[in-house]
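**Q** with the input below, show me the fold.
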Amino acid sequence: MADPAGGLLAFPDIPSAAQAPVKPRVLADILSASAGRFAAFCAEASVLVFVLGILDRFLLKERIEIRWIIGAFTVSVVLLALSVAADVSARRWLGVTRIGPITH
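**A** Numbering: from 1, shown residues only. So this is what the prediction gives:
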């Protein structure tokens, strides 16, 4: 198809090489949706491990040793650190600089 000036007309529904269709960022969408939930899960698990672990141990043995409390506290702190690390690394990977829930 030719235009009146003698050049060729491009079909508007066919993208040219300069206007290649944009591929969706599937991995970034999955990460942004799951990063906040994973961090919240680890934070909640850290509290539940500490509280329910000590309560369960006390109900089963009717006494509790300081060594067991330290162990439960250590597991709780490790889960909380994992929560913070997951949130920070997801924000850094996505380029989010503000504090709050990750929205994409």
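
**Q** check contacts around Ile66.
**A** Under the criterion of Cβ atoms under 8 Å, 6 or more residues apart in numbering, Ile66 has no neighbours. Yep, even glycine has a C-beta here, placed from its N, CA and C like the rest.

**Q** repeat for Ala85
**A** Counting by Cβ under 8 Å, 6+ apart, Ala85 has no contacts.

**Q** so where does it fall, helix or strand?
**A** In the assignment (DSSP states H and E), Ala85 maps to helix 66-94.

**Q** how about low-confidence regions in the protein?
**A** Judged by pLDDT under 70, the chain has its weakly predicted residues at 1-24, 96-104.

**Q** can you map out the helices along it?
**A** 26-61, 66-94 (DSSP state H).

**Q** sort out which residues of the shortest one are buried, please.
**A** I take that to be helix 66-94. Residues of helix 66-94 classed as buried by neighbour count (16 or more other Cβ atoms under 10 Å): 72, 76, 79-80, 82-83, 86-87, 90-91, 94.

**Q** any idea of the angle the helix holding Ala85 forms with helix 26-61?
**A** 170 degrees (axes from the mean of the first three to the mean of the last three Cα atoms, to 10 degrees).

**Q** about what we covered before: from the buried residues of helix 66-94, pick the one nearest Ala40.
**A** Ser83 (7.4 Å; Cβ to Cβ).

**Q** my read: the closest one touches Val47, true?
**A** No - checked against Cβ atoms under 8 Å, the pair Ser83 and Val47 is beyond contact range at 10.4 Å.

**Q** so the closest residue to Val47 other than its chain neighbours versus Arg37, what's the distance?
**A** The shortest distance from Val47 to any non-neighbouring residue, by Cβ to Cβ, 6 or more residues apart in numbering, is to Ser76 (7.0 Å). Using Cβ to Cβ, to the nearest Å, Ser76 is found at 19 Å from Arg37.
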